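K.L.:
Got a sequence here, can you model it:
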Amino acid sequence: MKIRVDLDLCQGHSVCIDEAPEVFSVEDQVDDYPKVKVLNFQPSAELQNQVRLAARYCPNKVITLIEDNE
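P.N.:
Alright, predicted model coming up:
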């Protein structure tokens, strides 16, 4: 699994952190909404279900997952 994030649409709601804190953080921006920061672009198998939930529940749908079998 690989993670992509559309930072132009991210508003920093932090739902991703609630689901997968080992993979995501949110950083404040000077002149914009807070933005997600990916801490691990290729999460281990143990974290992948949490990452899928983070993508599913993201209010702005900015997290895209590329599964290894694609």
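
K.L.:
buried residues in the helix or strand that contains A54?
P.N.:
In this assignment (DSSP states H and E), A54 forms part of helix 48-57. Residues of helix 48-57 classed as buried: 48, 50-52, 54-55 (neighbour count, 16 or more other C-beta atoms under 10 Å). C-beta: built from backbone N, CA, C; applies to glycine.

K.L.:
from the residues you listed, which is closest to V62?
P.N.:
Minimum distance to V62 across those is 8.8 Å, recorded for A55 (C-beta to C-beta).

K.L.:
helix, strand or coil for the closest residue to R52 other than its chain neighbours?
P.N.:
Once flanking residues are discounted, R52 sits nearest to L65: 6.6 Å by C-beta to C-beta, 6 or more residues apart in numbering. Secondary structure assignment for L65 (DSSP: H, G, I helix; E, B strand; the rest coil): strand.

K.L.:
Is the residue lying closest to K37 once chain neighbours are set aside in a helix, a strand, or coil?
P.N.:
Excluding the flanking residues, the one nearest K37 by C-beta to C-beta, 6+ apart is S25, at 4.8 Å. The three-state assignment at S25 reads strand, by three-state DSSP.

K.L.:
thought E67 was touching Q42?
P.N.:
No. Applying C-beta atoms under 8 Å as the test, E67 and Q42 come out as separate, 11.7 Å apart.

K.L.:
shared neighbours, those two?
P.N.:
Residues touching both E67 and Q42 (C-beta atoms under 8 Å, 6 or more residues apart in numbering): M1.
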